[in-house]
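Visitor: Model the structure of this input:
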Amino acid sequence: MRTKTGPNGSADRHVKEIKRKTRRKFWAEEKTRIVLDGLRGESLISELCRREGIAESVYYNWSKDFMEAGKKRLAGNTVRQVTSSEVTSLKAEARDLKEVVAEQTLELRLLKKSMLGDGDDPE
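Guide: Reported below is the predicted structural model:
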C-alpha cells in the first residue's frame, strides 16, 4: 500500500492531522504546577520539560503568562466575566431597589401633602 504524496493526499498532512488530534492538553492546574516546579529551581528546566513531555518554549510561554496574570492580580485588576445567573440576580436586585425607591417617593409625597393640610395652599 503506497502513500499518496500529491496535492490532495499528502502523507505529511495526514501525519500532522493525527498529531493534532492526539496532542496532549493541559489543564490550568497542571500548567500552574509545572511552572511552580520550574520556579522552585529544584531541577533544570530542560529536565522538567522532558519529564512532563513538553517543549521548553511551551514552558516559557506558560511561565510568562503566569507572571503576567500575577502582576495583573497584584495590581488590583480583578476584571472577570460574569455568569448569566449573576446577571439575573443583579437585575432582580435592581428591580427590587427601584420598587423600594418608588414606594418611598410616594410615601414622601403623601407625608408632604398631609403636613400642608389636605392640599390647601400654604398661604
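Visitor: Just give the number of residues close to the residue lying closest to residue 60 once chain neighbours are set aside.
Guide: In this structure, residue 60 finds its nearest non-sequential neighbour in residue 45, 8.0 Å apart by C-beta to C-beta, 6 or more residues apart in numbering. Just so you know, the C-beta spots here come from the backbone N, C-alpha and C atoms, and that holds for glycine as well. Number of residues near residue 45 (other C-beta atoms under 10 Å) recorded here: 15.
Visitor: Go through stretch 71-82 and flag the buried ones.
Guide: Within stretch 71-82, no residue qualifies as buried by neighbour count (16 or more other C-beta atoms under 10 Å).
Visitor: Give me the contact list for it.
Guide: Where contact means C-beta atoms under 8 Å, 6 or more residues apart in numbering, no residue beyond stretch 71-82 reaches it.
Visitor: just to revisit the earlier point, show the pLDDT at the residue nearest to residue 60.
Guide: What the model reports for residue 45 is a pLDDT of 95.
Visitor: How about the contacts made by it?
Guide: Contacts of residue 45 (C-beta under 8 Å, 6+ apart): 38, 56, 59-60.
Visitor: Which two of those residues have the greatest separation?
Guide: Put simply, by C-beta to C-beta the two of the contacts of residue 45 set farthest apart are 38 and 56, 9.9 Å from each other.
Visitor: Looking at the two, which is more packed in?
Guide: When residue 38 is set against residue 56 and neighbours are counted by other C-beta under 10 Å, the residue ahead is residue 38, at 22 against 13.
Visitor: That one and residue 57, how far apart?
Guide: Counting by C-beta to C-beta, to the nearest Å, the separation of residue 38 from residue 57 is 13 Å.
Visitor: In helices, which of the contacts of residue 45 appear?
Guide: Cross-referencing those against helices under DSSP state H gives 38, 56, 59-60.
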